[in-house]
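K.L.:
please work out how this folds:
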Amino acid sequence: MAVTSDRMRLVYTALVSLLVGVAHAVDRSNFKTCEQSAFCKRQRELIPGQSPYRALLETLELSGTRLTLQLINDNNKVRLLLELYRLQGNMTRVKINELKPLKPRFEVPDVLITDPPTEPMSVVTQDENGVVLSLGGENQRLIVSAKPFRLDIIEGPEVLLSLNSRGLLSFEHLRPRKDTISHRISDTVGSMWDSIKSVFSSKSETEADHAEGKEDDPEQEGEKNGNEEEDKPGMWEETFKSHTDSKPNGPTSVSLDFSFPGVEHVYGIPEHADSLRLRNTDGGDPYRLYNLDVFQYELDNPMSLYGGVPVLLSHSPHRTMGLFWLNAAETWVDISSNTAGQTMFGKMVDYIQGSSDIPQTDVRWISESGIIDVFIMLGPKPKDVFTQYASLTGTQAFPPLSTLGYHQCRWNYKDQEDVQSVDQGFDEHDIPYDFIWLDIEHTDGKRYFTWDPNTFPQPKDMLQGLANKKRKLVAIVDPHIKVDSGYKIYSELRSKGLFVKTKDGSDYEGWCWPGNSGYPDFTNPEMRAWWASQFAYDQYEGSMENLFVWNDMNEPSIFNGPEVSMHKDALHGSVEHRDLHNLYGFYVQMATAQGLIQRSGGVERPFVLTRSFFAGSQRYGAVWTGDNAAEWGHLKASIPMCLSLGLVGISQCGADVGGFFKHPSAELLVRWYQAGAYQPFFRGHAHIDTPRREPWLFGPENTALIREAVQQRYTLLPYWYLLFYKAHRTGIPVMRPLWVEFPEDVDTFAIQDEFLLGRDLLVHPVAEEGAKGVTAYLPGKGEVWYDAHTFQKHEGGQNLYIPVTMSSIPVFQRGGSIICRKNRVRRSSSCMENDPYTLYVALSPQGTAAGELYIDDGHTFNFETQKQFIHRSLTFSDNKLTSSNLVLDAKFSTSAWIEKVVIAGASEPKAVTLKNSDGTESSLEFEFDAAMATLTIRKPGVNAGADWTILLK
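P.N.:
Coordinates of the predicted model:
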C-alpha cells in the first residue's frame, strides 16, 4: 500500500496543511453522529417497554459464586447466556453473551488487574415469575424477573438499580450473510428438511409437543429464525464519506439500559468537552466513546475526543454507585431523566407505578460489538466506589515527584541552542521548572527514536546540561512508523510481522506526520515487548536517565482514514479493529511505560504522557485534554474535564496552559497559569504557528504574576506528592468535585468552576475575562475555611464573594487540616529535596486539626519494593501538635527538617515548648497576629521523620 507518486504527495501535503493550519472550529462532517452510525441508529429505533427477552428459569444453575441462566429472544428464538457474580467489596458483575455463537465474540483483555474475587450467592426464593438472590447481608437482594427479563438490586425496601427496566436489552447475534453460497445451501437444505418432516409428522404429535410445553432446540431455532430477521442498511456494509467498512461479521451490536431511582446526577464517561454533570441526551446525540483525533474540538458537546473510559457514577444525597461497561468498541451512552415507580414485595416482586415525584435517571449503553460485561459498584459512599473501581482496574501510577512540577513545551523548540536558551530564560527570570519537551520536529524526518542530525546533533550533551541543573526532558514517540526500508524501526517491525494488517492480510498503512506510515499492533504482547526494548539506553541512541516519553496521536490518528482513524475491518491477528479500537492508546502507553521501567532494571518509576486512553490507563502515567484553544471557554472547560477523569481513576490530568491553538492575551495566559498551578499535570504548550509564549515574553508585570503562580505550585509539592501517594494506594482522586467530600450537600452536585485538592484545599480559579470578583461556595455547615494566603477565616455553608485582582488565586484551606509546604523555592523540585518544611495548621471550630507528611526518594520503586519511605501523622488537639509514625516497619531517612509552624484560628499562648522523642524539652520562639488569630512558631528544628510534640501553654 506504500505510495510514492507526486499526486499522493500533493494529497498528503494538503491533508497536513488542513490539520496544521489554525482553523476556527472542528469540522463536524469528519465525524459521525448517531444517525450516521448504523448500529447506533438501529438501537435507538428500539421502542422502550417491548422487550422480547425472557429468562428461562428452568436453566438456572448456581455453583457457589457463579449463577448462569439462559435468556431467549421470543422474536427470533436466539438464546443468550447470562452470568451473575457477586464480587468482593460490594460489587456485582453481569455478563451476557450468545449461548452458542458462530465464533467467539471479543472479550476485553488486560484491563482488569486480576480475575475479580467472588463471594457466595444463595437463592432466597424462586417461583415461575422469577428468583430472588442474596447479595450478602440481610437486606441486599438481586431479583431476576422472568418475563420480560429484568434485574433489580434492592436494599431493604429501596430499589438501588434496575437492568432492562425499559426493555432496551438488545444483542445482535452472529449470523451468516444471506447472500452467501453457504447460507443459500443451508437455507435450501433447511427448507427441504422441513418438507420431509411435514410428511412424516402427524398433527397429533405436533399438538402433543405444544401441550407438553417443549422448547424448540436453541441452536436450530436460533439459526432458523435469526436469519429471517430483516436486514437493515449498514448491517453488512457501511460507507461514511469515501470510506467503506466491509463488516464481514455483520451486525454485532449490544445494548442494555439501567435505571437509577432517586438519582438526578450522573458523572463520568470521559472524555468530553462538556459539563461535569452529564446532560440529558433526549432529542440530541448520545455521549460517544470512540477515541478520535478531533481537530479543534468544540465545547459543550457529547462528541468523542481522544480517550474513552466507560465508567459512570450516579450520586444522590443517600448513595453513590458506579457502572463499568467493559467494552472497547465504539460506544454510545444515552442519558434520560424520568420518574421512578415504587417496588412492592410479596412472595415475589412486582414492579408497579407509584408516586410520580421520585426522580430517576436512565442510562443506556450501546456498543458496536463484543459482549455485555458490566460491573455494578454499589458504593455506598463516593470513596467506596473509587476503591471498588481501583480493585478492578488498578490505581494511578505513583509519579516521580519531579513530574508534579512545571513542564515547558512547544511544537517545537528548534534546536539544542533553543532548548538551552529557554532553559536559561527560566533561571534568568527566577521561574522554577522541571521538564522541557520536544515535539515531532526533533526527530530525523519524523522517524521516532531518532534525532535530527542538524538541529539536535548532540542530544546527550543537551540532556547532560539539563541534568546538571537537576532538570529533565520529554521527547515525543508516536505509534505511526514511517514506511522506509532504511529506517531500523520500520524494517524490524515489518520483518517480524508486527504491524496491524488490512482485511486482506497486507500491512495496514495510512498517512500521518511522517507521510505513509505503518501502525504497530500493540495488542500483540510480542509487539509490546519489542517496543519496550527500544527504550533501552543502547537502543534509543542519545537517550539518558533524564529522558522521558510522550505518546501522542495514539487513538490512532490516521489523516486519510475514516474519521481520521483506522478502518474498523483492519485486523489485529484474528480480531477486527472495531472490537478493540478504544484499547489502542492504552496498549501504546502500557508498552512505553514498561520500556522506561525495563531500561533501569525495574528500579526507576516511569513518566509517560498519553493523549488516548481507556479504563486502566491510570496504571501507566498521565493524560492531558488534548489540543485545546487559547479561549476563556477552554480554560473553564479544563476543570470539569479533569474532574471527570479523576472520577474514573485518572488523577494525573492537565490541560495545555495558555491553549494549544491560537494566541492568548496576557490576561488569559496569566489566569491559565494560576489555574494550571492547581491542577495535577501542569504544562504550558503551544502550536507551531503561534507566537512564542515563554512566561517572560508578556512584560515584567505579567512575568511576575506567572512567577508567583508557578512558585505557589512548588511550595505545595509536598501536599501534591502526598495526594498522589494516596491515589496510588487507594484510588481516590487527587482533584475532586466538592460532592466527593460533601456527599449530602446538594448545592455541591453541579459545581464545576471550583474543586478540591484532596479533602483540604478548595480552589476557585478566576476564569472570566476582566473579572473583578468571583463567588465561591464554601461547603460544610458548621465548618470553617481559611484563606490560604491571608488566613482570614470564613464560615462553611455559604456563597462567598471574593474581590480579585490580577494577582488573586482564590484558595482556601479547610478547618481541621494540616498541610505541609516547602517555602524555599528553587530552580527545580530536585533542588528542594532536603529543604525544610513549614506546617500550616488550620484549626476546626473544635480546635483540632490533622494531616499527613509523606517522603521518599522521589523517583524509584523502593517505596514499594523495600518500604523505603516516611509516612507521618500530624495531629493537633488539646493545644498539642504531634508527629507520629504511621508505618512502623518503613525505613527511610531524610535531612529535611521542620522550619516553621503556622496555626490559623489559634489563641495566643504564654509559652511554646518542643518535646523530643527522647523526652528533652526546649522553648520555641513564636509570634501571634491577633487580627488574624494566627500563631507562627519559628525553627522547631526537628527532623521531618522524627517523633515530636509542640505544646502551647
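
K.L.:
contacts and neighbour counts: CA atoms only from here.
P.N.:
Will do.

K.L.:
note down every partner strand of the helix or strand harbouring Gln813 and its orientation.
P.N.:
Applying DSSP states H and E as the criterion places Gln813 in strand 811-814. Strand 811-814 pairs in its sheet with strand 761-763 (antiparallel), strand 784-787 (antiparallel), by DSSP bridges.

K.L.:
pLDDT at His24, what is it?
P.N.:
For His24, the pLDDT comes out at 56.

K.L.:
going forward can the numbers begin at 325, since that is how I track them
P.N.:
Understood, numbering begins at 325; the last thing we discussed is His348.

K.L.:
what mean pLDDT does the strand holding Gln1137 get?
P.N.:
pLDDT averaged over strand 1135-1138 gives 98.

K.L.:
what's the answer for stretch 1085-1097, then?
P.N.:
Here the average pLDDT along stretch 1085-1097 is 98.

K.L.:
for stretch 427-434, same thing?
P.N.:
98.

K.L.:
list the buried residues in it.
P.N.:
Neighbour counts over stretch 427-434 (16 or more other CA atoms under 10 Å) mark Arg429, Phe430, Glu431, Val432 as buried.

K.L.:
helices - which of these land there?
P.N.:
The members of the buried residues of stretch 427-434 all map outside helices under DSSP state H.

K.L.:
adding distance to Phe1005, write those out as a markdown table.
P.N.:
Shown next, in a markdown table, are those (distance: CA to CA, whole Å):
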| residue | distance to Phe1005 |
| --- | --- |
| Arg429 | 38 |
| Phe430 | 35 |
| Glu431 | 33 |
| Val432 | 29 |
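
K.L.:
for Val743, which three-state class applies?
P.N.:
helix (DSSP: H, G, I helix; E, B strand; the rest coil).

K.L.:
residues contacting it?
P.N.:
Contact analysis of Val743 by CA atoms under 8 Å, 6 or more residues apart in numbering lists Tyr737, Ile760, Met786.

K.L.:
hmm, the first one is touching Leu762, no?
P.N.:
Translated: Tyr737. Yes - between Tyr737 and Leu762 there is a contact at 6.3 Å, judged by CA atoms under 8 Å.

K.L.:
any stretches of this structure with poor pLDDT?
P.N.:
Low-confidence segments of the chain, defined by pLDDT under 70: 325-348, 504-553, 664-680.

K.L.:
which parts of it belong to which domain?
P.N.:
368-496+573-717, 726-802+849-882+904-1065, 1160-1276 (the TED database).

K.L.:
just the terminal-to-terminal distance for the shortest one.
P.N.:
Between the opening and closing residues of domain 1160-1276 lies a distance of 22 Å (CA to CA, to the nearest Å).

K.L.:
gap between that domain and the chain center?
P.N.:
The chain centroid and the centroid of domain 1160-1276 are separated by 35 Å under CA atoms, centre = their mean, to the nearest Å.

K.L.:
equivalent analysis for stretch 461-476, please.
P.N.:
Using CA atoms, centre = their mean, the offset of stretch 461-476 from its chain centre is 31 Å.

K.L.:
touching it from outside, list them.
P.N.:
Counting by CA under 8 Å, 6+ apart, 375-381, 395, 452-459, 477-480, 483-489, 491, 673 sit against stretch 461-476.

K.L.:
so which residues of the stretch 575-724 of the chain form helices?
P.N.:
706-717 (DSSP state H, counting those that start in this stretch).

K.L.:
next, the nearest residue to Lys1204 once chain neighbours are set aside: secondary structure please.
P.N.:
Sequence neighbours aside, Leu1275 is the residue nearest to Lys1204 in space, at 4.7 Å (criterion: CA to CA, 6 or more residues apart in numbering). Using three-state DSSP, the structure places Leu1275 in strand.

K.L.:
make a markdown table from the strands paired with strand 1135-1138 and add distance to Thr389 and mean neighbour count to it.
P.N.:
Below are the strands paired with strand 1135-1138 laid out as a markdown table (distance: least, CA to CA, whole Å; neighbours: other CA atoms under 10 Å):
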| stretch | distance to Thr389 | mean neighbour count |
| --- | --- | --- |
| strand 1085-1087 | 43 | 24 |
| strand 1108-1111 | 48 | 23 |
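
K.L.:
will you turn those into CSV that also has distance to Gly909?
P.N.:
Shown next, in CSV, are the strands paired with strand 1135-1138 (distance: least, CA to CA, whole Å):
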stretch, distance to Gly909
strand 1085-1087, 31
strand 1108-1111, 41
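
K.L.:
the stretch 675-824 of the chain: strands as residue ranges?
P.N.:
683-691, 696-701, 730-732, 759-762, 796-800, 805-806 (DSSP state E, counting those that start in this stretch).

K.L.:
name the strands paired with the fifth one and say parallel or antiparallel.
P.N.:
Strands adjacent to strand 796-800 in the sheet, as given by DSSP bridges, are strand 759-762 (parallel), strand 871-875 (parallel).

K.L.:
out of the ones you listed, deepest packed?
P.N.:
Neighbour counts (mean count of other CA atoms under 10 Å) averaged over each of those peak at strand 759-762, with a mean of 24.

K.L.:
follow-up on the earlier one: so which of the strands paired with strand 1135-1138 gets nearest Phe363?
P.N.:
strand 1085-1087 (42.7 Å; CA to CA).

K.L.:
how far does that closest one sit from its chain's centre?
P.N.:
22 Å.

K.L.:
check stretch 761-778 too.
P.N.:
On CA atoms, centre = their mean, the centre of stretch 761-778 falls 29 Å from that of its chain.

K.L.:
hang on, Ala1095 packs against Val1128?
P.N.:
Yes - here Ala1095 reaches Val1128: they are 7.2 Å apart, a contact under CA under 8 Å.

K.L.:
tell me which of those two has more neighbours.
P.N.:
For Ala1095 versus Val1128, neighbours defined as other CA atoms under 10 Å are more numerous around Val1128 (15 against 12).

K.L.:
what's in contact with the one helix or strand Leu393 maps to?
P.N.:
Using DSSP H and E, Leu393 maps to strand 390-397. Residues from elsewhere that reach strand 390-397, judged by CA under 8 Å, 6+ apart: 376-381, 383-386, 402-410, 423, 444-445, 473.

K.L.:
nearest to Ile1143, out of the domains of the chain?
P.N.:
Per CA to CA, nearest to Ile1143 of the domains of the chain: domain 1160-1276, 5.2 Å.

K.L.:
do you know how far His596 is from Leu1086?
P.N.:
24 Å.

K.L.:
need the longest strand for this structure.
P.N.:
Secondary structure of the chain per DSSP state E: the longest strand is strand 377-387.

K.L.:
centre of the chain to that strand, how far?
P.N.:
36 Å.

K.L.:
got the CA positions of that strand in CSV?
P.N.:
Provided in CSV are the C-alpha atoms of strand 377-387 (Å, rounded to 0.1, in the frame of the first residue of the first chain):
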residue,chain,number,x,y,z
TYR,A,377,-36.2,-11.3,26.2
ARG,A,378,-37.4,-13.8,28.6
ALA,A,379,-35.5,-15.7,31.3
LEU,A,380,-35.7,-19.5,31.1
LEU,A,381,-35.7,-20.1,34.9
GLU,A,382,-35.5,-23.9,34.4
THR,A,383,-32.0,-23.4,33.1
LEU,A,384,-30.8,-21.6,36.2
GLU,A,385,-27.6,-23.1,37.7
LEU,A,386,-25.9,-21.7,40.9
SER,A,387,-22.5,-23.0,41.7
